[in-house]
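**Q** Kindly return the folded structure for what I paste below:
(chains A and B)
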Amino acid sequence: MILVSKTPLVEIENIEMRFGGGGGFLSSAQPVVKALNGVSININKGDAFCLVGESGCGKSTLARTVIGLNPPSAGQIKYNGQRIDGLKTKERQPFTKKMQMIFQNPYASLNPRMTVYQTLEEPLRIHHPNMNRTEIRAKVEDVMLSVGNDPTWGERYPHEFSGGQRQRISIARALMLDPEFIVADEPISALDVSIQAQVLNVMMDAQKDRDLTYLFITHDLSVVEHFGSRVAVMYLGTVCELADTNDLFATPRHPYTQALLSAIPKIDGSGVGHVKMTGEVPTAMDLPSGCVFHPRCPYANDRCRKEVPVLQDNGDTKTACFAVEEGRM
Amino acid sequence: MALLEVNKLEVQFPLGRKTLQAIHGISFALEEGERLGIVGESGAGKSVAAFSILNLLSKPGRISAGEVVFEGQVISEFSRAQMRHIRGNRISMIFQDPMMTLNPVLTIGTQMSECLKTHRNISNSEAREISISKLRDVMIPSPENRMDSYPHELSGGMRQRVVIAIALLSDPSIIIADEPTTALDVTIQAEIMALMLELCKNNNVGLVLITHDLAVVSQVTERIIVMYAGRIVEEGLTHDVITNPKHPYTRGLIKALPQENLPGTRLNQIRGSMPALDAIPAGCSFNPRCDFADGECHKDVPALVGSETHRAACVHIDRIPAFQNAGDAK
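**A** Numbering: from 1, shown residues only, chains lettered A, B, ... in the order given. Down below sits the predicted model:
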């Protein structure tokens, strides 16, 4: 087991993210998409923190906000106690070295015109201008070997590799600067089952060898159960349940978490699961009043339709649900 | 005689000087009302197999040998005109992405009536009535209003329901579904799968379900075929194949699933990846990735051995230790 210390490495406080808006004088007014509505999460050192939810719940937006690709509309992000949202590129540089990202689609995230070696040496040239050629070459080979790649691949281009090999190259790129914190946005969703296992193994090995902290975004709950140490379940831009992985899978408390778990297809031949939920995710342009989950929730009452629930401690887990609070379930 | 029979089918893609062979002689049959799953990773040839049933292979792909027999007729030799009476009428197809399947500039009602009137000589009002009843069958709320909606006005799950309704329009005897829920969220996926299962059972429609997801296939189908590099490596009753897989590839696939491993441990991975079509190894095409491979595996392509209800194409089938499922491991 990996020891998880209780000092937060990344603190996400009340993050809000809105897209669109504007227009109005000569152009028609644009609708506002409320992608994140006050998300607060602490990621401790050594965590494999997973974000799960259906498409459109804001999990990728949160990941991009944490790594600095989208500045948040409101709220704070702290890394090791220092605020990092809204920093200028130069001021950010020491942090970019420690925080790296792995993207979903390895066919799109590698530059097709750069050889694997060029892709991997680029971060070193930027952040360690003093390193000489032999040092760079040694480092690249070292990292390639550590993710199970053949170092002689360096002179080849991304199109010459299969999906799994490419994803291992992107992992190598993220590891080049010896980061402490890696954000991985659906890193295995585009891959085949047998390759998913290979890539997950590489990521777990890297965590053990390098003492990494992960923020792992996925929609696949069986991967979370296997890989994660803590989980945040997101729905329409809010966190509805926050728990240790074991607790969440043993006793899901929030009605949405229960519905999600009931929908995982199981291979034991138990038949198609009965999903405890109806309807589909509403659009983030027109959020429901009160608890955003109430139109699909079997336990919703008048209070849920009016008031917005906040995350509250509830034994080992945190849930944002009035039905749980009032013991109505 | 089975409703649908595929006999020693081979599919080739001639590309300039070289010819790629995507399917190497596969045979299977589907009885009336039976649900069959075809499983495999990308490049295994499962979609090509399904497309060739309806002769929908894109150029330059062609059936180079073998035949497809439906209701006693060799449909793989049908002309285009003859094939039109089969497609969408006796055998329907559902594709992965409903946004690609539906025409974005026509209303749902227009698309449904169009399909009906192609195959049957009926009036507009009759076509509308049948369409509405089919939309009701797939649990679309207020189907009368939905008839006048355009595809972009519906959510992903609703669109896939419409596609299923269109597939059911002329009461086909077989539906071929190519990854019908892969583009959808898990909760919607479960609903759509349950719906398809119920509709096939109630209307006695045969289903050919193509997917990479072993869990989905284990829930819906009665029989499965596992494909690897253009060949069937294992086939049998779904329960038997899932609980006691015989071929090292099927075992590897099941053991690689996170739910089959203890949380936090390394996953059982299959090394390497599926070979490209122009580099399929001699003998058993799985041999470079297989833990049990030896000299014998490099010689001949293994034949399927075993009983009618469960067989696998592996020469070492008797030598491989008994399968341990997740229950034993945990």
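
**Q** In the stretch 51-200 of chain B, what residue spans correspond to strands?
**A** Remark: strands of the stretch 51-200 of chain B, listed N- to C-terminal, are B:62-70, B:73-74, B:91-94, B:174-178; assignment by DSSP state E, counting those that start in this stretch.

**Q** just chain A next, same as before
**A** Counting by DSSP state E, chain A has these strands, from start to end: A:8-20, A:32-44, A:48-52, A:74-79, A:82-83, A:99-102, A:181-185, A:213-218, A:230-235, A:238-244, A:312-314, A:317-319.

**Q** out of everything not next to it in sequence, what's closest to residue B:236?
**A** Spatial nearest neighbour of residue B:236, excluding adjacent residues (Cβ to Cβ, 6 or more residues apart in numbering or on different chains): residue B:310 at 3.2 Å. For glycine as for every other residue, the C-beta is placed from the backbone atoms N, C-alpha and C.

**Q** Residues in a beta bridge with that neighbour, which ones?
**A** Beta-bridge pairing for residue B:310 (DSSP bridges): residue B:236, residue B:307.

**Q** Next, count neighbours for it.
**A** 17 (other Cβ atoms under 10 Å in any protein chain shown).

**Q** low pLDDT regions in the stretch 1-150 of chain A?
**A** Within the stretch 1-150 of chain A, the stretches with pLDDT under 70 are A:1-6.

**Q** so how far is residue B:36 from the closest residue to chain B within it?
**A** In the stretch 1-150 of chain A, the residue found nearest to chain B is residue A:54; the distance is 4.1 Å by Cβ to the nearest Cβ. Spatial separation of residue A:54 from residue B:36 under the definition Cβ to Cβ, to the nearest Å is 30 Å.

**Q** And residue A:280, by the same measure?
**A** 30 Å.

**Q** who's more crowded, the two?
**A** Looking at residue A:280 and residue B:36 with other Cβ under 10 Å, you find the greater number of neighbours at residue B:36, namely 24 against 20.

**Q** which residues does the more buried one contact?
**A** Counting by Cβ atoms under 8 Å, 6 or more residues apart in numbering or on different chains, residue B:36 touches B:28, B:30, B:206, B:207, B:208, B:209, B:221, B:222, B:223, B:224, B:225.

**Q** And the buried ones among these, selectable in PyMOL?
**A** Only the buried members of the contacts of residue B:36 enter the following PyMOL selection, criterion being 16 or more other Cβ atoms under 10 Å in any protein chain shown:
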select buried, chain B and resi 28+30+206+207+208+209+221+223+224+225
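
**Q** out of the contacts of residue B:36, who's near chain A?
**A** The overlap between the contacts of residue B:36 and the neighbours of chain A (Cβ under 8 Å from any Cβ of the partner chain) is empty.

**Q** Make TSV out of the contacts of residue B:36 and add secondary structure.
**A** Listed next are those as TSV, based on DSSP: H, G, I helix; E, B strand; the rest coil:
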residue	secondary structure
B:28	strand
B:30	strand
B:206	strand
B:207	strand
B:208	strand
B:209	strand
B:221	coil
B:222	coil
B:223	strand
B:224	strand
B:225	strand
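
**Q** Grab the most central residue of the chain for me.
**A** By default, I'm working from chain A. Most central residue of chain A, judged by C-alpha distance to the mean C-alpha position with Cα atoms, centre = their mean, is residue A:217 at 3.0 Å.

**Q** Chain B was what I was after
**A** When chain B is reduced to its mean C-alpha position, the nearest residue by Cα atoms, centre = their mean turns out to be residue B:210, at 2.0 Å.

**Q** coming back round to it: same list, the strands of chain A, but as CSV with distance to chain B please.
**A** Shown next, in CSV, are the strands of chain A (distance: least, Cβ to the nearest Cβ, whole Å):
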stretch, distance to chain B
strand A:8-20, 18
strand A:32-44, 16
strand A:48-52, 9
strand A:74-79, 26
strand A:82-83, 31
strand A:99-102, 18
strand A:181-185, 15
strand A:213-218, 11
strand A:230-235, 11
strand A:238-244, 11
strand A:312-314, 23
strand A:317-319, 17
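
**Q** Tell me where the model's unsure across chain B.
**A** Per-residue confidence of chain B (counting by pLDDT under 70) places the weak regions at B:325-330.

**Q** which residues in it form helices?
**A** Read by DSSP state H, chain B holds these helices, from start to end of the chain: B:46-53, B:80-86, B:98-101, B:108-119, B:124-137, B:143-146, B:156-168, B:186-203, B:214-220, B:238-243, B:248-255, B:326-329.

**Q** could you dump those to JSON lines with mean neighbour count and distance to chain A?
**A** JSON lines is the format used below for the helices of chain B (neighbours: other Cβ atoms under 10 Å in any protein chain shown; distance: least, Cβ to the nearest Cβ, whole Å):
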{"stretch": "helix B:46-53", "mean neighbour count": "22", "distance to chain A": "12"}
{"stretch": "helix B:80-86", "mean neighbour count": "13", "distance to chain A": "29"}
{"stretch": "helix B:98-101", "mean neighbour count": "16", "distance to chain A": "13"}
{"stretch": "helix B:108-119", "mean neighbour count": "19", "distance to chain A": "17"}
{"stretch": "helix B:124-137", "mean neighbour count": "17", "distance to chain A": "17"}
{"stretch": "helix B:143-146", "mean neighbour count": "15", "distance to chain A": "14"}
{"stretch": "helix B:156-168", "mean neighbour count": "23", "distance to chain A": "5"}
{"stretch": "helix B:186-203", "mean neighbour count": "20", "distance to chain A": "4"}
{"stretch": "helix B:214-220", "mean neighbour count": "24", "distance to chain A": "4"}
{"stretch": "helix B:238-243", "mean neighbour count": "20", "distance to chain A": "6"}
{"stretch": "helix B:248-255", "mean neighbour count": "24", "distance to chain A": "6"}
{"stretch": "helix B:326-329", "mean neighbour count": "11", "distance to chain A": "8"}
